[in-house]
Each structure stands twice: as structure tokens, then as C-alpha cells.
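[1] can't give you the sequence, but here's the structure:
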């Protein structure tokens with residue numbers, strides 16, 4: 001479920017964006033077993049994920065992406081992603 005998804009163009013062709021999402025698992029109360037032993041660490045409590053990044057399209061086929069991901073709640077951490085998407 002995405003709470004906010006915004007895109008704004010910058011003059012040099014890059015688009016900046018911000019996305020805030022709440023992640024919930026419907027299987028959170030499920031019981032997980034490994035060799036008939038209950039493994040409660042497998043359940044996932046809700047958490048919030050923030051994505052901030054920029055992207056630029058090069059023609060019709062290439063898109064370059066650089067983004068930072070921050071997670072808070074039951075899953076904490078920061079990630080950095082960079083990539084090139086090629087449509088053929």
C-alpha cells in the first residue's frame with residue numbers, strides 16, 4: 001500500500017521521486033515449523049519503507065536509476081541501489 005508517490009522533473013532531465021509504503025504480512029500470525037519445531041522469527045511485523053531516488057531516461061530504451069531505501073519498524077535498515085534498465 002503506497003501512501004505517497006511523487007515525481008518531479010529537474011531541468012537537466014533527471015526525475016526525482018519519493019515513495020512511502022507500509023508493508024504488512026497477512027501471514028504474520030501463521031505458525032512456521034522446521035523439523036516440527038516452531039520458528040517464531042519467521043513472522044514479519046508491519047514496517048514502513050521510504051524510497052528516495054532519481055531516474056533519467058535515455059531515449060526510448062534506457063533508464064538509469066539511483067535510489068536510497070530506508071526501512072523502519074520491525075525491519076530496520078538502509079540500502080542503496082543503482083541500476084540501468086534496458087528495454088528491448
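    Cool, got the structure. Note that the structure is a prediction, hence the values are computed from the model and not measured.

[2] all strands in the chain, in order from the N-terminus.
    Assigned by DSSP state E, the chain shows strands spanning 2-9, 15-23, 33-34, 37-38, 47-58, 62-73, 77-86.

[3] Let's have the ones you listed in CSV, adding mean pLDDT and mean neighbour count.
    Using the backbone N, CA and C atoms, a C-beta is placed for each residue, glycine as well. Output for the strands of the chain, formatted as CSV (pLDDT from 0 to 100; neighbours: other C-beta atoms under 10 Å):
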stretch, mean pLDDT, mean neighbour count
strand 2-9, 56, 10
strand 15-23, 89, 15
strand 33-34, 68, 8
strand 37-38, 72, 8
strand 47-58, 90, 15
strand 62-73, 91, 14
strand 77-86, 93, 10
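
[4] so who does the residue of the chain most remote from its centre touch?
    Within the chain, residue 36 marks the point farthest from the mean C-alpha position, 33.4 Å out by C-alpha atoms, centre = their mean. If you count contacts by C-beta atoms under 8 Å, 6 or more residues apart in numbering, residue 36 has none.

[5] where does it fall, phi/psi-wise?
    Backbone geometry at residue 36, expressed as degrees, to the nearest 10, gives phi 60, psi 20.

[6] State the pLDDT value of it.
    Looking at residue 36, its pLDDT reads 73.

[7] try residue 42
    60.

[8] try residue 27
    At residue 27, the model reports a pLDDT of 66.
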